[in-house]
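**Q** take this sequence and fold it.
(one chain, ligands or ions: 1)
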Amino acid sequence: MLEELLRGSLEDAARRRSAVPTRVAERHALDRAPAMDAEAALRRSDRINIIGEVKRASPSRGDLANISDPSALAAAYAGAGAAAISVLTEERRFKGSLDDLRAVRDAVEVPVLRKEFIGEEYQLLEARAAGADIALLIVACLDQPLLERLHAFTRELGMTALVEAHTRDEALRAVDAGATVVGINARDLHTFELHPERFGDLAAELPSDAVRVAESAVKTPADVRRYVDAGAHAVLIGEALVTGADPAATLESFLNA
Ligand SMILES: O=P(O)(O)OC[C@@H](O)[C@@H](O)c1c[nH]c2ccccc12
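**A** Down below sits the predicted model:
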């Protein structure tokens, strides 16, 4: 499944590249205001740092929410106190787009994350050209030389990489590749099962200065509290926010966890 998602994302990027060649994407990336310091935003210790996700659907959960106006949802998250906004841009299974990312960028003043299956530099150029401050790099999708190359390119573009791991080996590979912000995803991308206890196990293995992001499986404020108590600097939440009646109120309840 992970391979299929990556292959689809790369095919979609190749299609866009025939309309917007690399040179043009580079220019668009350079025309943007510099990326925000997302690492600082996710490290803040005076609040719980929540990354609110704009997510319409997922392969494991199917359709979650319509989200006809991603910028309004992102503005609601930011107004409620989100530290950053994650935007799914994967088109096939998550029903997102780069247009969603651009719309969100224009609507908020907090760091914005491009959530995509990234396997080549062009996708990082697109992210920066659309105004992203953070790019997701999934260790399980990449061999070590490619992970290192994409991590270095993310930094060259002034962005922060959120490097996602599911296992101890992947967490160590993330750190070896230079990651300063490491995400531990409770959802196993091979089996789709949730393992929220993994966060604490793997977070303990990371160097003390790494920013630790707990990803997935939050339903209640108690789930947020458990991640924070296990050492999370930030918590990434999608489904619970987009499926609730009032995403801003739900986010506030997580901030008060
Ligand atoms: O909807 P949830 O369980 O709150 O999860 C959000 C986020 O962690 C999840 O969307 C995610 C984490 N890593 C990913 C990689 C690709 C796609 C999606 C994801």
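**Q** does Ala75 count as helix, strand or coil?
**A** Look at Ala75: counting by DSSP: H, G, I helix; E, B strand; the rest coil, its state is helix.
**Q** what count of nearby residues applies to the closest residue to the ligand within the chain?
**A** Of all residues in the chain, Gly238 sits closest to the ligand, at 2.9 Å by C-beta to the nearest ligand atom. For the C-beta atoms, the positions are set from N, CA and C on the backbone; glycine is no exception. Neighbours of Gly238 under the rule other C-beta atoms under 10 Å: 24.
**Q** mind listing what it touches?
**A** 53, 55, 58, 64, 86, 88, 216 (C-beta atoms under 8 Å, 6 or more residues apart in numbering).
**Q** from these, which land in helices?
**A** If you go by DSSP state H, the contacts of Gly238 have nothing in helices.
**Q** now, which of those residues lie close to the ligand?
**A** Applying C-beta under 6 Å from any ligand atom to those, one finds that 53, 55, 216 fall near the ligand.
**Q** from those, pick the one nearest Ala40.
**A** Glu53 (20.4 Å; C-beta to C-beta).
**Q** restricting to C-alpha, output the helix or strand where Ala14 lies in CSV.
**A** Element membership of Ala14 [criterion: DSSP states H and E] is helix 2-19. Coordinates of each C-alpha in helix 2-19 appear next as CSV, following Å, rounded to 0.1, in the frame of the first residue of the first chain:
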residue,chain,number,x,y,z
LEU,A,2,2.7,2.4,0.9
GLU,A,3,4.5,1.7,-2.3
GLU,A,4,1.3,2.2,-4.3
LEU,A,5,0.7,5.6,-2.6
LEU,A,6,4.3,6.7,-3.3
ARG,A,7,4.0,5.5,-6.9
GLY,A,8,0.7,7.5,-7.3
SER,A,9,2.2,10.6,-5.8
LEU,A,10,5.2,10.4,-8.1
GLU,A,11,3.0,9.9,-11.2
ASP,A,12,0.9,12.9,-10.2
ALA,A,13,4.0,15.0,-9.7
ALA,A,14,5.3,13.9,-13.1
ARG,A,15,2.0,15.1,-14.7
ARG,A,16,2.3,18.5,-13.0
ARG,A,17,5.9,18.8,-14.0
SER,A,18,5.0,18.6,-17.7
ALA,A,19,2.8,21.8,-17.1
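**Q** other SSEs contacting that helix?
**A** Helix 2-19 sits against helix 121-129, with contacts defined as 3 or more C-beta pairs under 8 Å, 6 or more residues apart in numbering; DSSP states H and E.
**Q** so what's Ala232 up against?
**A** Contacts here follow C-beta under 8 Å, 6+ apart; on that basis Ala232 touches 199, 203, 212-214.
**Q** now do the buried residues in stretch 176-188.
**A** 177, 179-188 (16 or more other C-beta atoms under 10 Å).
**Q** which ones among those map onto strands?
**A** The strands, defined by DSSP state E, take in 181-185 from the buried residues of stretch 176-188.
**Q** kindly reformat those as JSON lines containing distance to the ligand and pLDDT.
**A** What follows is these, written out as JSON lines (distance: C-beta to the nearest ligand atom, whole Å; pLDDT from 0 to 100):
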{"residue": "Val181", "distance to the ligand": "13", "pLDDT": "98"}
{"residue": "Val182", "distance to the ligand": "12", "pLDDT": "98"}
{"residue": "Gly183", "distance to the ligand": "7", "pLDDT": "98"}
{"residue": "Ile184", "distance to the ligand": "10", "pLDDT": "98"}
{"residue": "Asn185", "distance to the ligand": "5", "pLDDT": "97"}
